[in-house]
Each structure stands twice: as C-alpha cells, then as structure tokens.
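K.L.:
Okay, here's the prediction I keep looking at, along with the sequence it came from:
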Amino acid sequence: MHRSGTLVLLEHLAQGPGETVTLGEVLDACGERAFGLFLLLAVLPAFLPLPAGAGAVSGPLVVLAGLQWASLAAHPWLPAWLQHRPVARASIARFRERLARPLDAIARVARPRSESVVDHPAARVFGGILLAVLGVLLALPMPLTNYPFGLLLVVWAIALIERDGRLLSIAWLLGIVELVVVATVFDRAIAAVVALAAG
C-alpha cells in the first residue's frame, strides 16, 4: 500500500527530538516538498483552539507561500524572525489528530501523477496568485470560514507534498468555487445594506 509522504512528514515532525522545531529547519530538510509543508504548517493555526484570530496568523503565511510559488521560487523564503520561529511538536501532533480522518483519506489516494501541473511555470503563476487571494480571505474576520478555507488548503498542501497534479487541479477548482461563494455572499450583503439604507 502507498505510504503517504505527507503522513510520514507529520509523524517525523511530531515525534522528533526536543519539544519544538524551527520553521527554517523543517523547510531546509524537505527539498522539493518544502512549499507543500510550509503551506501545511501555515494552515495549522486554523485548526487549533486559539483565543482569537487564527486566520490572521495563517492568512499572511498562505499569502507569502502563494506569492513565492507564483514567482517560481525554488524554495520558500522566510524572514529571519520567522525562520527561527519554533513550532511545538505537540501542536503538530494535535493537528494530525484533529484532522486524522480527512487527512488520512486524502493522503491515501494522493500519489505522484500529472507532475507537469505541479511544475509548469504557467500553472505555478496561476496557482500562486489563487493561493495568495485565498490567504487574504482567510485573514479576514469572516465567521465560519476558517475550516472551509483550511481544509481546502490542506488538500492543496498534500497535493504539493505528494506531487499530485490531479489533486492540485481539484484544489484549484474548489478554490475558485469558494471565491465565487464568498463574492456572492458579499454582493448580497452589500445589496441588503443598500436596501436597508434606502428604506
């Protein structure tokens, strides 16, 4: 049976030596999987019980990943303060447990295929811009959006880690659908406000 690279990475991160690991250490060790793992770690706060503003933490990191992916960077760049930012291994383990069923299901079917979709420059520009827009929306204080955006980005991250172009295409489609839904909701909300003000 295919042994998911995503699950192997998460298990390695959760069970490694010490209580924390820095983002820079993680990404440097991941090679071509670094963008996918960076995205997965960026989404992690959206699934943890934080006091408030989980999207405000995850969103800018997702935007950073998207812009760099669109610029065809070979490896994620992080400012020094972020490179040395510790990530608690216990948080990674909780993330793995909280999303155990969907993560296992997605990772079980993901495998290297249609890799040109992952690597083609035009696909990276399109995907990176879409990812950045989704990161902006994730950062906005919209109710009940962390999980839908977060799950979409988890699918996206797994596709990158597993180099699965078909799964990545599905993530793009779902991302466009979410953009349309958000735009429709905002349009109706603005129309309602205008009608209320006019009345």
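P.N.:
It's in.

K.L.:
Low-confidence ranges, the protein, go.
P.N.:
Filtered on pLDDT under 70, the chain yields the residue ranges 1-5, 29, 47-55, 143-145, 199.

K.L.:
Which parts of it are strands?
P.N.:
Ranges of strands in the chain, per DSSP state E, are 20-22, 86-88.

K.L.:
Quick check: buried residues in the last one?
P.N.:
Judged by neighbour count (16 or more other CB atoms under 10 Å), strand 86-88 contains these buried residues: Val87. Where C-beta positions appear, they are placed from N, C-alpha and C, glycine not excepted.

K.L.:
What strands line up against that strand, and which way round?
P.N.:
Applying DSSP bridges, strand 86-88 is found paired with strand 20-22 (antiparallel).

K.L.:
ok, residues contacting the partner strand?
P.N.:
13, 83-89 (CB atoms under 8 Å, 6 or more residues apart in numbering).

K.L.:
neighbours around the nearest residue to Leu44 once chain neighbours are set aside, how many?
P.N.:
Leaving aside its sequence neighbours, Leu44 sits nearest to Phe95 (CB to CB, 6 or more residues apart in numbering; 5.0 Å). When neighbours are defined as other CB atoms under 10 Å, Phe95 has 24 of them.

K.L.:
Please report the distance of Phe95 from Pro45.
P.N.:
From Phe95 over to Pro45 the distance is 9 Å, taken as CB to CB, to the nearest Å.

K.L.:
C-alpha coordinates for stretch 136-156, CSV please?
P.N.:
The C-alpha trace of stretch 136-156 is given here as CSV (Å, rounded to 0.1, in the frame of the first residue of the first chain):
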residue,chain,number,x,y,z
VAL,A,136,-6.2,37.2,2.0
LEU,A,137,-9.7,35.8,2.5
LEU,A,138,-8.5,33.5,5.3
ALA,A,139,-7.1,36.5,7.1
LEU,A,140,-10.3,38.4,7.0
PRO,A,141,-12.5,38.2,10.1
MET,A,142,-15.3,36.3,8.4
PRO,A,143,-17.3,33.9,10.6
LEU,A,144,-17.3,30.2,10.0
THR,A,145,-14.6,30.4,7.2
ASN,A,146,-11.5,29.0,8.9
TYR,A,147,-12.4,25.3,8.5
PRO,A,148,-13.6,25.5,4.8
PHE,A,149,-10.6,27.5,3.7
GLY,A,150,-8.3,25.5,6.0
LEU,A,151,-9.5,22.1,4.6
LEU,A,152,-9.1,23.4,1.0
LEU,A,153,-5.5,24.5,1.8
VAL,A,154,-4.7,21.1,3.4
VAL,A,155,-5.8,19.4,0.2
TRP,A,156,-3.5,21.9,-1.7
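
K.L.:
Not counting that stretch itself, show me its contacts.
P.N.:
Contacts of stretch 136-156 (CB under 8 Å, 6+ apart): 39-40, 42-43, 46-47, 53-56, 58-60, 62-63, 99, 102-103, 106, 131, 134, 167-168, 170-171, 174-175, 178-179, 182.
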